[in-house]
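>>> predicted model, plus sequence, below.
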Amino acid sequence: MNPEEILLFVLGAVAVIVAVRWVTEKTGLPAAVLLTLIGIIYAYLPGKNLELEPEWIMTFVLPPLLYNAALESSLIDIRRNMRTVISLSVALVLVTALLIGVGFSFWVAGATLAAGIALGAAVAPPDPVAALAVGRKAGLPGKLITLIQGEGLLNDATALTILTVAIAAQKNGNFSFDNAVGKFVIAAAGGVLVGVVVAYAVRFLKALRSDPLSSNALSLITPLAAYVICENSFVHHYVFISGVLAVVVAGLMIGHDTPRYATGASRLQTSAVWKLIDFLLEGAVFLLIGMQVPEIIRGLSNYATSTIIIALVITLGVVLLLRPLWLVATQLLPRQLHTRLGGQEGSEAEDDDKREVPLTGREAAALSWAGTRGVITLAAVATLPHGFPDRELLAFCAISVVLVTLVGQGLTFAPLVRWLGLRANHKDKARLRNEARSAAVRAALDRLDDIQEQQHDHVEVEAIETMRTQLEVRLDRYRRRLDLLEQVESHELPKSPQYEAALMVRQAVIDAEREELLRWRDAGRLEDDSLRVLNRELDHEELVLPKRPKD
């Protein structure tokens, strides 16, 4: 494609992504499914198509997506559920790859164990993007959101490491379990180490994070830097290190530190930039997935129909059946083995907030259906070198898994969550937020007392008293909100006429101020640069107004 064609393609893709978002907001249909289907339809139309380049996806798309997901995740919650996360993101991925590998070596004519394991590694990691998008709209509980996030952050590193080992084994002519385990441990340990180093380097540059523009620039290059440190050819000449894991670890640590080291203005701007990047990249990824279907299907002409069916049944069977069986089996393991999924040994005196809570049957059922595959599966199978045994068959099995899980699970996940009756406890979250707000205001009042006791020639007593009055009004409002939350038994947020009226009045006041500023500008009494400054003040005030169902 020439530059003009690329520009037209990008403009068209953005238009489609925006239109699909509008449709999903109106209908509730998963955006990932709609974009994938649109990509398939486009691929069959006359004209040029865009091929998925694995190097570009792995370098410029996957690191930013994973990094932003890590920034939005909770390091504390992932630590609390670490057994579950490791079970799903490491053990389940390993078992999936091995079962598909063994199945291919026994029942697919001419297939090798290494080729089967390579396919298994590609299709093993679920892509949490679609599941989380649907799950959040369906009101999935926070614990399951954390588990899906944690699994999605770490399983890519496991899968890509297994894939690299399988490709090397195919070249060498044999698959050594000991060698594979050794490479996996080195890759994981190296990725964690690089991620920690990058996170501390960003912390060292905290002076730059006080400036919004510098903070944005630093945030944008961080995932790319973490990835390229691990994945450049010089490092790979000596040892394989997981760049994906480095990006995830750096993102988790930096996201945990951001409230401490970044200013409010930097956080607001960086968050807005990452939301836009995430929105566009995710949309482009699912369009690309759909566009690859015709080319992959055309590559099957050299295979017997029976071979294709057997390969497809093995792949889909393992992917769809193993996950629920794994969740049930790990739930039933004896507690003494210290591997019960979602459970953890501990003394009775141990703080309950720091212990993993066992998964209920309904939670396990929902989690078993949150296994949609996505771009990492296609990018992984596309990295198989030309000449790799049964490359076309492996690519077809991979795209089939992606389409079946994206469409099948993507369309049915929200109804399943609703049928299971799994809902986020909005009332408890609102109560916790209001308790934290009250604690913060009390700390501010204590700080005012300290200031008043000190020598404060430069601080007017009137300023202190004015601030104290404002804080006490806020504290009283939070206490009344807490009282209301305590009185209701439902998990949903209670509606208070006084609370809703206060929000309506505040919004109306902001709207009136904004309209008056525009009248001044239109009448020539206020310059545009001054209007932008004043409008930004109102925007920040409007930003803190809560939106239902959040408090």
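Noted; the coordinates are in hand. Values in this document were obtained by computation on a predicted structure and should not be read as measured data.
>>> and Met467, how far is that from Ile186?
As judged by C-beta to C-beta, to the nearest Å, Met467 and Ile186 stand 56 Å apart. C-beta here means a position set from N, CA and C on the backbone, and glycine is covered the same way.
>>> swap in Ala365?
37 Å.
>>> those two: which is more packed in?
Ala365 (18 against 15; other C-beta atoms under 10 Å).
>>> apart from its chain neighbours, what residue comes closest to that one?
Spatial nearest neighbour of Ala365, excluding adjacent residues (C-beta to C-beta, 6 or more residues apart in numbering): Leu420 at 6.1 Å.
>>> wait, what's in contact with that neighbour?
Residues in contact with Leu420 (C-beta atoms under 8 Å, 6 or more residues apart in numbering) are 362, 365-366.
>>> what of Pro3?
No contacts exist for Pro3 under C-beta under 8 Å, 6+ apart.
>>> immediately after the helix or strand hosting Leu154, which helix or strand?
In this structure, Leu154 is located in helix 142-172 according to DSSP states H and E. Using DSSP H and E, the helix or strand that follows helix 142-172 in sequence is helix 177-204.
>>> only C-alpha atoms, please: export the helix or strand following that following helix in PDB.
Next along the chain after helix 177-204, taking DSSP H and E as the criterion, comes helix 212-231. The C-alpha trace of helix 212-231 is given here as PDB (Å, rounded to 0.1, in the frame of the first residue of the first chain):
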ATOM      1  CA  PRO A 212       1.900  16.300  32.400                       C
ATOM      2  CA  LEU A 213       3.500  16.300  28.900                       C
ATOM      3  CA  SER A 214       6.800  14.700  30.100                       C
ATOM      4  CA  SER A 215       4.700  12.200  32.100                       C
ATOM      5  CA  ASN A 216       2.700  11.300  29.000                       C
ATOM      6  CA  ALA A 217       5.800  10.900  26.900                       C
ATOM      7  CA  LEU A 218       7.500   8.700  29.600                       C
ATOM      8  CA  SER A 219       4.400   6.600  30.000                       C
ATOM      9  CA  LEU A 220       4.100   6.000  26.200                       C
ATOM     10  CA  ILE A 221       7.700   4.800  25.800                       C
ATOM     11  CA  THR A 222       7.900   2.700  29.000                       C
ATOM     12  CA  PRO A 223       6.200  -0.500  27.600                       C
ATOM     13  CA  LEU A 224       8.100  -0.300  24.300                       C
ATOM     14  CA  ALA A 225      11.400   0.200  26.200                       C
ATOM     15  CA  ALA A 226      10.700  -2.800  28.500                       C
ATOM     16  CA  TYR A 227       9.800  -5.000  25.500                       C
ATOM     17  CA  VAL A 228      12.700  -4.000  23.300                       C
ATOM     18  CA  ILE A 229      15.300  -4.500  26.100                       C
ATOM     19  CA  CYS A 230      14.200  -8.200  26.300                       C
ATOM     20  CA  GLU A 231      13.400  -8.900  22.700                       C
END
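>>> in helix 212-231, which residues are buried?
Using 16 or more other C-beta atoms under 10 Å as the test for burial, helix 212-231 gives 212, 215-216, 218-220, 222-227, 229-231.
>>> now stretch 236-256
Neighbour count says stretch 236-256 has 240-256 buried, by 16+ other C-beta under 10 Å.
>>> ditto for stretch 507-523
Buried-residue list, stretch 507-523, by 16+ other C-beta under 10 Å: 514, 517, 521.
>>> circling back to that earlier point, can you check the pLDDT for the residue nearest to Ala365?
Looking at Leu420, its pLDDT is 88.
>>> how much space between it and Thr360?
10 Å.
>>> what comes up buried for the helix or strand where Ala265 lies?
Ala265 is part of helix 264-291 when elements are defined by DSSP H and E. Within helix 264-291, the residues that count as buried by 16+ other C-beta under 10 Å are 266-267, 269-270, 273-274, 278, 281-291.
>>> as CSV, could you dump the C-alpha coordinates of the helix or strand following it?
Next along the chain after helix 264-291, taking DSSP H and E as the criterion, comes helix 293-298. Taking Å, rounded to 0.1, in the frame of the first residue of the first chain, the C-alpha atoms of helix 293-298 are listed here in CSV:
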residue,chain,number,x,y,z
VAL,A,293,-9.8,-15.5,7.6
PRO,A,294,-9.9,-15.8,3.8
GLU,A,295,-6.1,-16.1,3.4
ILE,A,296,-6.0,-18.8,6.1
ILE,A,297,-8.8,-20.8,4.6
ARG,A,298,-7.1,-20.7,1.2
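>>> out of the buried residues of stretch 507-523, which sit inside helices?
Among these, the ones falling in helices (DSSP state H) are 514, 517, 521.
>>> isn't the last one right next to Asp528, touching?
Same thing as Arg521. Yes: look at Arg521 against Asp528 with C-beta atoms under 8 Å: they come within range, at 6.6 Å.
>>> do you know the pLDDT at Glu72?
Note on Glu72: pLDDT of 85.
>>> ditto for Ile186
pLDDT, read off for Ile186, is 86.
>>> wait, it sits on Phe240?
Yes: in this structure Ile186 lies within contact range of Phe240 using C-beta under 8 Å: 7.0 Å.
>>> so what does the residue positioned nearest the centre of the chain look like in phi/psi?
By C-alpha atoms, centre = their mean, the chain has its centre lying nearest to Ala69, at 3.4 Å. Ala69 adopts backbone torsions of phi -60, psi -40, taken as degrees, to the nearest 10.
>>> for Leu153, see how far away it is.
6 Å.
>>> overlap of the contact sets of these two?
Common neighbours of Ala69 and Leu153, counting by C-beta under 8 Å, 6+ apart, are 128, 251.
>>> and the helix or strand hosting Leu448, what's buried?
In this assignment (DSSP H and E), Leu448 forms part of helix 426-453. If you call a residue buried by 16+ other C-beta under 10 Å, then helix 426-453 has these buried ones: 426-427, 429-431, 433-434, 437-438, 441, 448.
>>> include pLDDT and distance to Leu538 when you put those residues into JSON lines, please.
Formatted as JSON lines, the buried residues of helix 426-453 follow (pLDDT from 0 to 100; distance: C-beta to C-beta, whole Å):
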{"residue": "His426", "pLDDT": "69", "distance to Leu538": "28"}
{"residue": "Lys427", "pLDDT": "69", "distance to Leu538": "31"}
{"residue": "Lys429", "pLDDT": "74", "distance to Leu538": "28"}
{"residue": "Ala430", "pLDDT": "75", "distance to Leu538": "26"}
{"residue": "Arg431", "pLDDT": "76", "distance to Leu538": "30"}
{"residue": "Arg433", "pLDDT": "79", "distance to Leu538": "24"}
{"residue": "Asn434", "pLDDT": "79", "distance to Leu538": "25"}
{"residue": "Arg437", "pLDDT": "81", "distance to Leu538": "22"}
{"residue": "Ser438", "pLDDT": "86", "distance to Leu538": "27"}
{"residue": "Val441", "pLDDT": "87", "distance to Leu538": "23"}
{"residue": "Leu448", "pLDDT": "84", "distance to Leu538": "27"}
